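Q: only the shape, not the letters, is given here:
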């Protein structure tokens, strides 16, 4: 009789295990689709501000297909006719992403976030440039071409007097 109950308990345990496994399978079957470049840039921009005479949020910029990254392209895609100044991408991010020995915890976190954003842009865009559009109150774009030649990057605002 003891063998009979042993077999019953074993069968119940196997049934429960199969039931639990099938529930897990359904949960893990659903694969998350990979993040798009725009989603990764958006996530990397969260909580970042460009500091000038004003603090402006940094947001993703997704333009249209382009043949080149130049002044004409940025003016056309931003529908602007203002003055444009081109800046070096490395120089632009240097001030934002390098940590200093006097940094506190918050400044170090922000510098690391900027370094991560810079890395995402560098790994996914070609011909990256920075453009400051306007005078005094500027629109700032750090953009390049993605794999589909879409003008992509970040944008912010700055005040420079």
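A: Received it, and whenever you're ready, just let me know what you need. Being a predicted model, the structure only gives us computed values, none of them experimental.

Q: can you list the buried residues in stretch 89-108?
A: 89, 92, 93, 96, 97 (16 or more other CB atoms under 10 Å). Glycine gets a C-beta too; all of them are placed from N, C-alpha and C.

Q: pretty sure residue 63 sits in a strand.
A: Yes - Residue 63: assigned to a strand according to DSSP: H, G, I helix; E, B strand; the rest coil.

Q: ok, it - how many residues close by?
A: 19 (other CB atoms under 10 Å).

Q: which phi and psi does the spatially closest residue to it that is not a sequence neighbour have?
A: Closest residue to residue 63 apart from its sequence neighbours, by CB to CB, 6 or more residues apart in numbering: residue 151 at 3.4 Å. Backbone geometry at residue 151, expressed as degrees, to the nearest 10, gives phi -70, psi 120.

Q: for residue 151, give me its contacts.
A: By CB atoms under 8 Å, 6 or more residues apart in numbering, the contact set of residue 151 is 61-66, 69, 73-74, 77, 143-145.

Q: three-state assignment of residue 32?
A: Counting by three-state DSSP, the backbone at residue 32 sits in coil.
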